[in-house]
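Colleague: Just to be clear, the model below is a prediction. Sequence and coordinates:
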Amino acid sequence: MLLENVSRRDFLKGSGALVVTFAVAPRLAGAAVKTVALDQVDGFVAIDGAGMVTIYSGKVDLGTGTDTALAQMAAEELGVAMASVKLVTGDTLLTPDQGITWGSLTIQSGGMQIRRACATAREALLEQAASKLGAQPGELGVKDGVVTDRSGAKQVAYGELIGNQRFQLKVNDKVPLRDPAQYTIVGKPIPRIDIPDKLTGRFTYMQDFKLAHMVHARVVRPTAIKASLQSFSDAECKKIPGYLRSVRKGNFLAVVARNEWAAIKAAGAMRASWSNWQGLPDKAQLWEEVRATRIARDENLQSVGNSAQALAGAAEQLKATFDFAVHTHGSIGPSCAVAELKDGKLTVWTASQATHLLRKQLARMLDLPEQNIRCVYLEGAGCYGRNGHEDAAADAALIAMEANAPVRVQWSRADEHGWDPKGPPMLFDFRGAVDTSGSIVAWESEQFAPETAKPFAVTLVAAELAGLPKDDAFPGNIHGSLAIPYDVPNVTVTAHCLAETPFRPSWIRSPGRMQNTFANECFIDQLAAAAGADPLEFRIRHLKDARGHDALERLRKLASWTPRTRPTGGAGELAKGRGVSYVKYELVRTYVAVVADVEVNRRTGEIRVERFYVAHDCGQIINPDGLRNQIEGNIIQTTSRTLIEDLQWNRSAVTSLEWQGYPILRSPTYPRC
Amino acid sequence: MATTITFNLNGKQRQVRVDDAQMPLLYALRNDLGLHGPRFGCGLAQCGACTVHVNGQALRSCVFPVASAAGAKVLTLEGLGTPDKPHPLQKAFIEEQAVQCGYCINGMVMQAAAFLQTNKRPTESQIKEALANNLCRCGTHLRIVRAVKRASEMA
C-alpha cells in the first residue's frame, strides 16, 4: 500500500512566497483516510520508505518551541536522527485530538502520548527486524533508524521494515520507554527547527498564507460591545477600486475587497449606525462592582482544620485585599485566518490553539456537519492563551459562506486590543493569623472571579454578533494554585464563582494561577512580617514538600539571600529591596521559587524590577535551552502584566486600542534574569 | 487611477502597480511582491514588526506610502542575508536562539542592523535603548539584546 504522505510543511517550504498550494490528505490507496485515533500508533506516527518519520501532533507550537521538543521526544524514542523527523500539527483531518494546546500540557500530556506511540512503533519494528535478521529482539539495537544485531553484521532500516505501510497497532500504554540514562537527544539544547526560517523571512506564518483568487475582508466593529446595527451604507466603499461587497448578518458587518488595502479603506469608508449601549461598569468602580456581582455558587478549594475558630482565638487577625486588572493577550501579530467553502466543505486555516474544538464551534455556528469542516493550524504570533485567533477564523468562515472565493480576514490592532477575550478582573480577600512562636495558625482566602462550571470553549465573536448558535465563555482554570502549598493547621480557601463578568473572559497565561499566586504570596509576606520572620525562612518553615524545600534552598544560594526580619529599603526616595515567591503549580506540578530585586520610587510609586533569580523544577527537561527561553519570557511577561498592564474602557467599549493606551514592558526596563 | 511604482528591492529593480499610491509600502512588499519578512503588527508605527530599510534608514513600512519608495533602495529581511549567507545579526540571533514566536524578530533585526551601522560597538544599554520602540510580547528581549551584542562583536 502506498501512503501519499505529503506534509503541509513540505508544501509550504517548497511553494515559494506567493501562493501556496494546499495539502493533500494522505490516503492509503483504495482505503480509508489516515486515522486520527488517539489509541492508534498510526494516529501519531508514519514512516516512509526512505525512513522519514512524520509525527502527527494535535498539540501545536504556539511559538514556544514545542515542535522541536516533540521531535526530540519522538526521535529519541524511535531511535532515529532529529533530521529524519517532521511534524504535521493541529490539522483536524490528520492529527489526533489531543485537546487544546494549553495549561503547559504539550510536553507533559501530549508529548507523552507521542512518546508512547513511538515506543510502541519501535517495539513492533524491532520484532519485525528480529524475524527478518533471525535474531532475538533483545539482541538488537537501533540507531538513526537502522536496526543492528549485536555483531553489527546484520542490519535493516526502518524504511525497509515499514516503509509507507500502516502499523495497525494500538498504542501500548505500558510499553517500555527508553531509559533516560541512555538519552542522546532528549535533554539536549538542540537548536529550534523553526528559527532559521524565522530569521530569513522564509517562515510561513498564518498571516503569510495565501490562496489563489483569495479575497480580503475586514469586520466593521460595533462602536459598543453589544450595540445593534441600525443601518449601514457602503456607498463610499463603492468608490474604492477593488471593493467587492459588504456582508451583513445581524450585528456582524464586514467588507470584502480584491486586495487588502482596499478592504482596510472600505472598512473605514463604511457608514454604519449603531445603537447606544453602555453596559460596561464604570472603571473607577470596578472592584465595587465585582464585589457586588451575584455569586452563582461557591467552591471550596482547600479545607484544613477549623480556620474560623483559629482566627477567632488569635491575638491579632491580619486582613488584606488584592485585585488583579483586566488584561489583553496583546499578541504582536493581530489574529488572522483564511476560510474557503468548496462543494459544501469548509476549510479554515487558523492559528487556533484548538483546531478540533474550533471545528465543533464552527459546525455549531454555521449549522454544518462537523465532518464537512477541516481546520488546519498555521503558526501565528504568540497567543499566550485563547486570544483572537479563533474569532478571526469564525469571521473568515462566516464571510466565506457568502463570498464566492477563499476569504482572508486580518484583524487590525484595534480589533485585537478591543475584541480579543480578556483575562477577567479578579479580586481576593484574605484573613490570617500567626501565633507567638511565629507559625501561621489560620489562613482564609476568598476569590471573586468568573464562573468556571462551563464547557471548554470561548464564545466566538462572529456568532455573538450575527446572532448564531454560540458557546458560553469558559474563563480557564482560574481556581488552580489558589489552594496553598504550605503546611498550615487551619485553612479555608473559597472561590466565589460570579454569574457575570464585564468582558468575554478567556484564559491568558497562566489563567488564575498567576493572580492567585500573586495574592497568596503577597499575603504570606504580610504574615511573615507580622511574625517578625525572614520571608524565605518563613516559607521554608511552613513547607513539608522535599522538592519545594530543595527549590527554595537552591534559590537561597543562587540569590545569595541575606535573612531580614524588617524592611531594608532605606529612607530615601528610591527604596531598594528584594522579595521572594514560591509556587507548586496547581499543587501537583512544577515547583518555582524566585527572588526579585526591586526598586520603588517612593515619590512616583514607580516599581522597577532589576533582576530575577529563578529556581525551577519541572521534572524531566526535554530541551534545556527551550525551557530557559520560556522561563525568561514568562518572567518578563509576568513583570509587565503585574506592574503596568491595565485595560482601559468606557461604558461602551474598550478604549485602549493600541500600544500607547495599553503599554507593555519595553527593553530598557526589562529585568535581568 | 492605477500607478506603477519602481524601486530597488533587495538589489533588484521591481515594479508594483497599485490603485492607491498612498498605500503603505508594507502591503506592496507582502502582497504584491510576496515577501514574508516585514510583518503587519499595528499599522500605527508603534511596534516595529514591519521595519524595512529605505535608502539605508530603518523605517516603519506600515505607514510609509509606497509612492515614497519610488526610485529608492528598499532592503528587507530577505535581502539582509540568506540561510547560506546570513548577515551577522541573523547568525547571532540563531546562535543565541533569540526567538520565541518570532513575529517581532524581523523588526528587531532590521532595526538593529541600521543601528549597528551608526554604532558598531554598542553597550548593552545602548542596544536596549535602540530597541525601545520594538515591542516583543513573548519577552525575548534578553536574548535579543545578547544577539545584537554578539553580532556587533562578529563584524
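Modeller: Now that the structure is in, tell me what you want to look at. Numbers count the residues shown, from 1 in each chain, chains lettered A, B, ... in the order given.

Colleague: How about the residue in chain B that chain A sits nearest to, nearest residue that isn't a chain neighbour?
Modeller: Closest approach of chain B to chain A (C-beta to the nearest C-beta) occurs at residue B:101, with a separation of 2.6 Å. Glycine gets a C-beta too; all of them are placed from N, C-alpha and C. Distances taken as C-beta to C-beta, 6 or more residues apart in numbering or on different chains place residue A:63 nearest to residue B:101, at 2.6 Å, with adjacent residues excluded.

Colleague: Could you tell me whether that neighbour really is in a helix?
Modeller: No: read with DSSP: H, G, I helix; E, B strand; the rest coil, residue A:63 is coil and lies in no helix.

Colleague: What residue, apart from its backbone neighbours, is nearest residue B:151 spatially?
Modeller: Spatial nearest neighbour of residue B:151, chain neighbours left out: residue B:92 (3.8 Å); criterion: C-beta to C-beta, 6+ apart.

Colleague: and the helix or strand where that neighbour lies, what's its mean pLDDT?
Modeller: Following DSSP states H and E, one finds residue B:92 within helix B:88-96. Per-region confidence: helix B:88-96 scores 98 on mean pLDDT.

Colleague: ok, now stretch B:131-140?
Modeller: 98.

Colleague: And for stretch A:542-550?
Modeller: Rounded mean pLDDT across stretch A:542-550 is 97.

Colleague: Show me what counts as buried in it.
Modeller: Of all the residues in stretch A:542-550, those buried under the rule 16 or more other C-beta atoms under 10 Å in any protein chain shown are A:542, A:543, A:548.

Colleague: Tell me which residues are up against the helix or strand encompassing the last one.
Modeller: When secondary structure is defined using DSSP H and E, the element that contains residue A:548 is helix A:546-558. Applying C-beta atoms under 8 Å, 6 or more residues apart in numbering or on different chains, the contact partners of helix A:546-558 are A:485, A:536, A:539-540, A:543, A:561, A:580, A:582, A:584, A:591-595, A:613-617.

Colleague: Give me the subset of those residues that lies in helices.
Modeller: Applying DSSP state H to those, the entries found in helices are A:536, A:539, A:540.

Colleague: For those, could you give me CSV that also reports distance to chain B?
Modeller: CSV is the format used below for the ones in helices among the contacts of helix A:546-558 (distance: C-beta to the nearest C-beta, whole Å):
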residue, distance to chain B
A:536, 25
A:539, 26
A:540, 29
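
Colleague: which of the residues you listed tops the neighbour count?
Modeller: When neighbours are counted by other C-beta atoms under 10 Å in any protein chain shown, residue A:536 leads the ones in helices among the contacts of helix A:546-558 with 25 neighbours.

Colleague: which residues does that one contact?
Modeller: Contact partners of residue A:536, counting by C-beta under 8 Å, 6+ apart, are A:552, A:555, A:556, A:561, A:563, A:580, A:595.

Colleague: Just the buried residues from those residues, in PyMOL please.
Modeller: Buried subset of these, written as a PyMOL selection, criterion 16+ other C-beta under 10 Å:
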select buried, chain A and resi 552+555+556+561+580+595
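
Colleague: tell me the secondary structure for residue A:399?
Modeller: Per three-state DSSP, the secondary structure class of residue A:399 is helix.

Colleague: What is the burial count for it?
Modeller: 27.

Colleague: from memory the residue nearest to residue B:101 sits against residue A:379, does it?
Modeller: Yes: the pair residue A:63 / residue A:379 is scored as a contact, 6.7 Å apart, by C-beta atoms under 8 Å.
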